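Undergrad: for reference, the sequence and a predicted model appear below.
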Amino acid sequence: MRDLKQKVVNKKLRSNRRKKQRKPINLRHLLRRCLHIGVGLFSVALTVVGGFFLVQFLLASDQFRIDTIRVEGNQRLCEQTLVALSDVRSGMSTFSLDLDLIGRKIAENPWVKEARIERIFPRQVRIKVVEREPVAIVNLGFLYYLDADAVVFKVLDGSDSLDFPVVTGFDRTRLELARQEDRDELMQVVGLMMDLQQRQLFGLHKVSEVHKEPGGGLSVYTAENGVRIRLGYGNYGEKLDRLERIYALLRPKMRMLEYIDLNVDEKVIVRIERPGRAAKS
């Protein structure tokens, strides 16, 4: 038999359910929204197209064509050389210049430490360079300049000055690996020379060579008579102070000396060259 009672209950439940009513479409709101979207897209397109034509106008405009190239900061390199390196020419549009690329081109010259390019509207370009200053010559089979940042930056040619102390004892292959250990050793050499440069009694003008020993310590050779002065590791300022206190006494006898050793604390050890050995040399 059918369960008529259950059927009646189910019918009541269905009749008690709330029917969802569809909201009427608000055409005015929909049209307004579509209009806003259309206006926004049109504005974007207009901006892009307008920007394109503006760029074309600026590139073609004679008002922004370069007529002056200024060079600042150069001492060794002439203005014509730097302008040629930049590839910037009169008549070019200032907006067509890639300033970073131009700076990298100029910095390819070994004398250039840093190059910065600036637009000066409407028709000028400024090239500002910082040049490297050599503090020594490094003998690596060929002669190279060394600057105050411990950068080996240029092989010498016939036009370059040789009036610098010579640094020896470094290996070119190792330096090309750019290891921090070798850079630190070069920085010690630069630091020593900076110290010597400030001194009057035994200054950099008294030194012909700075040599890195096989174990890593430093020695210097005097310009007069080529006497070796052993400095070892670190504390170079204190060691040179010690030398200067007796240098006036040692100077008349320099031709007789084999070496001066400053590695022992608070002492200056002097070795006199043997007559027989001096005769052989």
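TA: Cool, the structure landed.

Undergrad: can you pull out the helices in this structure?
TA: 4-16, 27-60, 79-86, 99-107, 172-176, 180-197, 236-250, 275-280 (DSSP state H).

Undergrad: mean pLDDT lowest where, among those helices?
TA: Among these, helix 275-280 carries the lowest mean pLDDT, at a mean of 46.

Undergrad: how is this protein divided into domains?
TA: Domain segmentation of the chain under automatic domain parsing yields 64-131, 134-280.

Undergrad: ranking the ones you listed by mean pLDDT, which is last?
TA: When the domains of the chain are compared by mean pLDDT, domain 134-280 comes last with a mean of 92.

Undergrad: hmm, Pro115 is touching Ile127, no?
TA: Wrong residue type there; residue 115 is Ala, not Pro. Yes: judged on CB atoms under 8 Å, Ala115 makes contact with Ile127 at a distance of 6.8 Å. Where you see a C-beta, it was placed from the backbone N, CA and C, and this is true even at glycine.

Undergrad: common neighbours of those two, please.
TA: Common neighbours of Ala115 and Ile127, counting by CB atoms under 8 Å, 6 or more residues apart in numbering, are 102, 106.

Undergrad: ok, back up a step: could you dump the domains of the chain into TSV and include mean neighbour count and distance to Arg32?
TA: Converted to TSV, the domains of the chain look like this (neighbours: other CB atoms under 10 Å; distance: least, CB to CB, whole Å):
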stretch	mean neighbour count	distance to Arg32
domain 64-131	16	41
domain 134-280	15	66
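
Undergrad: can I get these in TSV including distance to Gly40?
TA: Below are the domains of the chain laid out as TSV (distance: least, CB to CB, whole Å):
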stretch	distance to Gly40
domain 64-131	29
domain 134-280	54
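
Undergrad: contacting residues around stretch 121-131?
TA: By CB under 8 Å, 6+ apart, stretch 121-131 touches 63-77, 82-83, 86, 88, 94, 97, 102, 106, 111-120.

Undergrad: once you drop chain neighbours, what's closest to Glu273?
TA: Once flanking residues are discounted, Glu273 sits nearest to Glu258: 4.1 Å by CB to CB, 6 or more residues apart in numbering.

Undergrad: pretty sure that neighbour contacts Ile229?
TA: No: using CB under 8 Å, Glu258 is not in contact with Ile229; the gap is 11.2 Å.

Undergrad: Glu72 pairs with what?
TA: Beta-bridge pairing of Glu72 under DSSP bridges involves Lys128.

Undergrad: that one: what's it in contact with?
TA: 126-129.

Undergrad: repeat that for Val210.
TA: Here Val210 is in contact with 136, 165-168, 189, 192-193, 218-221 (CB under 8 Å, 6+ apart).

Undergrad: tell me which of the domains of the chain lies nearest to Cys34.
TA: Nearest to Cys34, of all those, is domain 64-131, at 38.7 Å by CB to CB.
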